[in-house]
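[1] Sequence and computational prediction follow.
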Amino acid sequence: MPDRQYLVAANWKMNGSLESAKSLVIGIKQGLAGNNNAEVAICPPFIYLPEISGFLSDTSISLGAQNVSHLENGAYTGEISSVMLTDFACRYVIVGHSERRNLYHESDSRVAEKFIAAQAQGLIPILCVGELLEERETNTTEDVIARQLDVVIDKAGISAFANAVIAYEPVWAIGTGKTATPEQAQEVHEFIRLRLARHDNEIANGIRILYGGSVKADNAEQLFKMADIDGGLIGGASLIADDFLTICRAVR
Ligand code: PEP
């Protein structure tokens, strides 16, 4: 069994205030002290990165961002570059979250450009892939995941996946309270790993594939037991320190 360290990443999305972000990070930091089997990462809204970065500097908790521009710099109002993220000690950045793909119309190819831009500055992209409900219902889940992955493999090259994380997030499970069963999730995680293995077996075995989609304190352990699930990307439940801590502790 390859030695993949579990990763549990919090995606706070556009929630909270400076005060609530501070108390959440303090709660997580205190609760994790001296007791984590998993690597833990927190992805707050951009504007709170400097403040949260300060709270994490004396911990092993990693910092991540929720999005990044595919461009380096210039007249792109409202965008944030990879270099800017590294100024605040970010280690990770989420790219291709389904909310970015579906609400902000980010194409597979744009997601691949973001993946490449992040890695160019030493950030580790957390590449999200996942199918819509109608895609699952029409049995096209594997086609969709293959398409989303293949564009990044083609543009970035398979070796880029040595420094990346993948998150499988079925869109129908995000924020809906409907979690994929551990078996449903495992099936897609295995498919993802095999898809990468077509190009490079070692990279496929080493990459961490997280599950995301209504992971809660009471279902995390069952999901994390599956052979190809290497942790989670946690939305709603990461906004409550005790729930997030229980999910982090569900890792063995
Ligand atoms: C997410 O948006 O990445 C996510 C997994 O959200 P939730 O846990 O709320 O379903």
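    Okay, I see it. Numbering: from 1, shown residues only.
[2] Tell me the residues on the stretch 51-200 of the chain that lie near the ligand, please.
    Along the stretch 51-200 of the chain, the residues adjacent to the ligand under the rule CB under 6 Å from any ligand atom are 169, 174-175. Bear in mind the C-beta positions are built from the backbone N, C-alpha and C, glycine included.
[3] Now, of these, which are buried?
    Using 16 or more other CB atoms under 10 Å as the burial test, these include 169, 174 as buried.
[4] Give me the subset of the residues of the stretch 51-200 of the chain next to the ligand that lies in strands.
    Counting by DSSP state E, those place none of their members in strands.
[5] Columns pLDDT on top of the residues of the stretch 51-200 of the chain next to the ligand, output as JSON lines?
    Converted to JSON lines, those look like this (pLDDT from 0 to 100):
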{"residue": "Glu169", "pLDDT": "98"}
{"residue": "Ile174", "pLDDT": "92"}
{"residue": "Gly175", "pLDDT": "84"}
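[6] Output the residues of the stretch 51-200 of the chain next to the ligand as a markdown table; include the columns distance to Glu106.
    Formatted as a markdown table, those follow (distance: CB to CB, whole Å):
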| residue | distance to Glu106 |
| --- | --- |
| Glu169 | 14 |
| Ile174 | 15 |
| Gly175 | 18 |
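[7] how about the strands in this protein?
    Secondary structure of the chain (DSSP E): strands located at 7-11, 39-43, 62-65, 92-95, 124-129, 165-168, 208-212, 231-234.
[8] In a markdown table: those strands, plus distance to Asp108, mean pLDDT and mean neighbour count.
    Formatted as a markdown table, the strands of the chain follow (distance: least, CB to CB, whole Å; pLDDT from 0 to 100; neighbours: other CB atoms under 10 Å):
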| stretch | distance to Asp108 | mean pLDDT | mean neighbour count |
| --- | --- | --- | --- |
| strand 7-11 | 20 | 98 | 26 |
| strand 39-43 | 21 | 98 | 25 |
| strand 62-65 | 20 | 98 | 22 |
| strand 92-95 | 11 | 98 | 27 |
| strand 124-129 | 9 | 98 | 26 |
| strand 165-168 | 14 | 98 | 26 |
| strand 208-212 | 18 | 98 | 25 |
| strand 231-234 | 19 | 98 | 28 |
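[9] Check the spacing between the residue of the chain most remote from its centre and the ligand real quick.
    The outermost residue of the chain, judged against the average C-alpha position, is Ala75 (28.3 Å), by CA atoms, centre = their mean. Distance, Ala75 to the ligand, by CB to the nearest ligand atom, to the nearest Å: 30 Å.
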